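[1] predicted structure and sequence below. I'll ask about it afterward.
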Amino acid sequence: MPSQTPLLPARYLLVPALAAAFALLSWTGTAAAQDKAPVGYVKNVKGTATVTTDGLVVQAQPGTPLHQGSALKTDAQSSMGVMFKDNTMMSFGPSTVLTVDEYLYEPGEGKLKLGARMGKGTLNYVSGVIAKLQPEAVTIKTPTGLIGVRGTQFLLKVSEE
């Protein structure tokens with residue numbers, strides 16, 4: 001008479017299935033985080049400033065990460081300084097709004113791009129590696145025009161309409 005192996009109850013199969021699902025979710029979460037690596041960081045803040053990324057608004061403080069798509073905002077009587085991976089520095093005056101639309105920094109592969117959109121306020125810009133290697137890869141859009149960076153430093157003021 002052949003012996004039959006008893007079947008395990010379903011509850012014993014649940015633990016390995018949950019462990020596999022957790023491992024898969026952890027791996028995809030890590031991959032998503034790698035795709036969203038910071039492009040820069042807040043260096044200093046005076047007063048109140050925020051960084052909004054993917055709909056999440058955080059109070060800016062030194063070390064707050066910046067990502068492609070981040071919207072940076074300073075309140076009245078406030079200022080903020082940021083530095084990007086290529087050492088581009090931007091300092092924002094009171095009531096400034098700027099969005100980092102594009103950022104690509106892979107100098108070994110010749111992939112360089114810094115594109116931003118400024119809605120209002122004041123900006124002191126100091127070029128980093130991207131502007132030095134490929135000046136045409138840096139652009140800042142305003143409500144009335146487009147700035148192409150060809151120098152190493154400039155000041156910009158965008159008034160509200």
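    Done, it's in. Numbering: from 1, shown residues only.

[2] please make it C-alpha for all contacts and neighbour counts, starting now.
    Fine.

[3] how many neighbours does the closest residue to residue 153 other than its chain neighbours have?
    With sequence-adjacent residues excluded and distances taken as Cα to Cα, 6 or more residues apart in numbering, residue 153 is closest to residue 126, at 4.4 Å. By the criterion of other Cα atoms under 10 Å, residue 126 has 18 neighbours.

[4] I figured residue 126 was touching residue 150, is that so?
    No - the criterion here is Cα atoms under 8 Å, and residue 126 misses it with residue 150 at 11.2 Å.

[5] find the residue closest to residue 157 in space, skipping its chain neighbours.
    Closest to residue 157 by Cα to Cα, 6+ apart is residue 122, at 4.4 Å.

[6] same thing with residue 45?
    Nearest to residue 45 is residue 80, by Cα to Cα, 6+ apart, at 4.4 Å.

[7] beta partners of the one you found?
    residue 45, residue 92 (DSSP bridges).

[8] tell me who's in contact with it.
    If you count contacts by Cα atoms under 8 Å, 6 or more residues apart in numbering, residue 80 has them with 42-46, 49, 74, 91-93.

[9] CA atoms only for the top strand by length along the chain, dumped as PDB, please.
    If you go by DSSP state E, the chain has its longest strand at strand 111-126. Extracted in PDB, the C-alpha atoms of strand 111-126 (Å, rounded to 0.1, in the frame of the first residue of the first chain):
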ATOM      1  CA  LYS A 111      24.600  63.700 -20.100                       C
ATOM      2  CA  LEU A 112      24.100  67.100 -18.500                       C
ATOM      3  CA  LYS A 113      20.900  69.200 -18.000                       C
ATOM      4  CA  LEU A 114      19.600  71.700 -15.600                       C
ATOM      5  CA  GLY A 115      16.200  73.100 -16.300                       C
ATOM      6  CA  ALA A 116      14.200  75.200 -13.900                       C
ATOM      7  CA  ARG A 117      11.100  77.400 -13.900                       C
ATOM      8  CA  MET A 118      10.900  80.500 -11.700                       C
ATOM      9  CA  GLY A 119       7.400  82.000 -11.000                       C
ATOM     10  CA  LYS A 120       8.400  84.900  -8.900                       C
ATOM     11  CA  GLY A 121      11.000  86.300  -6.500                       C
ATOM     12  CA  THR A 122      14.800  86.800  -6.600                       C
ATOM     13  CA  LEU A 123      17.600  84.300  -7.400                       C
ATOM     14  CA  ASN A 124      21.300  84.500  -7.200                       C
ATOM     15  CA  TYR A 125      22.800  81.800  -9.400                       C
ATOM     16  CA  VAL A 126      26.400  80.500  -9.400                       C
END
